[in-house]
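Colleague: Sequence and computational prediction follow.
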Amino acid sequence: MKPVIKYINKDQAKFFSTLRKRVDGYFKENQLSKFGSSRLIWKSMGVFALYFVPYALLLMDFLPLWAMIALSAFMGIGMAGIGMAIMHDGNHGTFSSKGWLNRLMGSSIILVGGHKSNWKIQHNVLHHTYTNVFEVDEDIDANGLIRMSPHAEYKKMHRFQHIYAFLLYGLMTMFWYTFKDIKQLSDFHKRGLHHGKQMDIKSEIFKLTLGKVIYTAYMLVIPMLVIDSVPWWGVLVGFAIMHFVCGLTLAIIFQLAHLVEHTEQPLPDDSGTIENTWAVHQLMTTANFARKNKILSWYIGGLNYQVEHHIFPNISHIHYPEISKIVQETAKEFGVPYHEYDSFWDAFKSHMRLLKELGSPQPKMA
């Protein structure tokens, strides 16, 4: 069944209507489109190169072993970049004003071993609608291995989670590729979670299978056939290194946006109501970090501006630096929280402290 959660607080309603009017005014005054521009086309070429240039060099099979290991790790960086800076905007429909280009860029998830429909349901529907809501937002559910919420069951092993969590973060995309996509497709179908019309489960099974076959063919089968300097298991080791780097990168970036000390995890009451408007809920549960770091922002697709992304998911990330000024000023005017960390490391340390706190039986935020 679909989750039934309502956001109600009439006193907060004016905040989002005012904010939206001001942001719309910014685009109108500057004659800008809310979609990505040619900047994203050039950026995509650079990000794809981070992934496919190392792949091509590996297939040429002329490098020493240490260099091949380094290239495998570098591919993980490129792989994460595709997910954050290309696929993410495409599947939000903000990469371009052209629907076919959004669909194409959104489908780049196939290149990194994922399934598009699953991602859109988990991210666009569950995460963006029910951010940090326990047992609904799957982004704060680690199947009991990591305690990401004060409302989750405590296990003795959680007292060490601030140490071992990062090992599990590195396994994230490998888990998606091998098991999670299949399980999610079945679960989402049973729960009736779909986009606009009833999901054709047979068609989705075919698309998922085809995507996995294509990915496995070019990432494992072709290298095993072409690269003679390492045995087949050496290719698997490189593949695992790439996924570990990618999973660790993706997990850390997303955790710094929601699982830090100042973000909240409110629970609905018995009637399924959260006593905030949806917009205020987004600001309470989300944090920005390192807004001045342009290189980081370029690479991660503006995901260090998570507040702006969550409040305006229909606007391309290239506009976040400017509209963040409007969001911050409006939040201050209405007394709404605007969580922010000055640097990546400040946010990272806050995430570490939160993991350690949640590793105690009775965390302070419970």
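Modeller: On my side now, so go ahead.

Colleague: Can you check which helix is longest in the protein?
Modeller: Using DSSP state H to define each element, the chain has its longest helix at helix 232-258.

Colleague: Which of the residues in it are classified as buried?
Modeller: When burial is assessed from 16 or more other C-beta atoms under 10 Å, helix 232-258 yields the following buried residues: 234-235, 238-239, 241-258. Backbone N, C-alpha and C define where each C-beta goes, glycine included.

Colleague: Need the residue closest to the centroid of the protein.
Modeller: Phe254 (5.4 Å; C-alpha atoms, centre = their mean).

Colleague: give the contact list for the nearest residue to that one once chain neighbours are set aside.
Modeller: Excluding its sequence neighbours, the residue lying closest to Phe254 (C-beta to C-beta, 6 or more residues apart in numbering) is Asp139, at 6.6 Å. Each residue near Asp139 by C-beta atoms under 8 Å, 6 or more residues apart in numbering is listed here: Gln122, His123, Leu126, His127, Phe254, His258.

Colleague: and which of these is nearest Asp200?
Modeller: Of all those, Gln122 has the smallest distance to Asp200: 18.7 Å, by C-beta to C-beta.

Colleague: Please tell me how far Leu145 sits from Lys14.
Modeller: In this view, Leu145 and Lys14 are 42 Å apart by C-beta to C-beta, to the nearest Å.

Colleague: remind me which residues of the chain are low pLDDT?
Modeller: Residues of the chain that meet the criterion pLDDT under 70 lie in 1-3, 194-199, 365-366.

Colleague: Could you pull out the strands in it for me?
Modeller: For the chain, the strands defined by DSSP state E cover 6-7, 273-274, 287-289, 339-341.

Colleague: Turn these into a markdown table, including mean neighbour count and distance to Leu168.
Modeller: Shown next, in a markdown table, are the strands of the chain (neighbours: other C-beta atoms under 10 Å; distance: least, C-beta to C-beta, whole Å):
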| stretch | mean neighbour count | distance to Leu168 |
| --- | --- | --- |
| strand 6-7 | 15 | 31 |
| strand 273-274 | 17 | 29 |
| strand 287-289 | 25 | 22 |
| strand 339-341 | 21 | 23 |
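
Colleague: For Ser108, find the nearest of these.
Modeller: Comparing the strands of the chain by C-beta to C-beta, strand 287-289 comes nearest, at 25.2 Å.

Colleague: which helices and strands does the closest one pack with?
Modeller: On a contact count with 3 or more C-beta pairs under 8 Å, 6 or more residues apart in numbering; DSSP states H and E, strand 287-289 meets helix 232-258, helix 306-311, strand 339-341, helix 344-358.

Colleague: Those into a markdown table, with extra columns for distance to Ile323?
Modeller: Formatted as a markdown table, the helices and strands packed on strand 287-289 follow (distance: least, C-beta to C-beta, whole Å):
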| stretch | distance to Ile323 |
| --- | --- |
| helix 232-258 | 17 |
| helix 306-311 | 6 |
| strand 339-341 | 14 |
| helix 344-358 | 20 |
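
Colleague: Nearest to Ile274, out of these?
Modeller: Ile274 lies closest, by C-beta to C-beta, to one member of those: helix 306-311, at 14.9 Å.

Colleague: which other residues reach that closest one?
Modeller: Contacts to helix 306-311, defined as C-beta under 8 Å, 6+ apart, come from residues 16, 19, 128, 131, 257-258, 279, 282-283, 286-288, 302-303, 315, 317, 320, 323-324, 327, 338-340.

Colleague: With only the CA atoms kept, save it in PDB.
Modeller: The C-alpha coordinates for helix 306-311 follow below in PDB (Å, rounded to 0.1, in the frame of the first residue of the first chain):
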ATOM      1  CA  GLN A 306      20.200  19.800  -0.900                       C
ATOM      2  CA  VAL A 307      17.900  22.400   0.700                       C
ATOM      3  CA  GLU A 308      17.200  24.000  -2.600                       C
ATOM      4  CA  HIS A 309      17.000  20.700  -4.400                       C
ATOM      5  CA  HIS A 310      14.400  19.400  -2.000                       C
ATOM      6  CA  ILE A 311      12.300  22.500  -2.000                       C
END
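
Colleague: ok now it, how far from the chain's centre?
Modeller: Relative to its parent chain, helix 306-311 has a centroid offset of 12 Å by C-alpha atoms, centre = their mean, to the nearest Å.

Colleague: Noted, bye for now.
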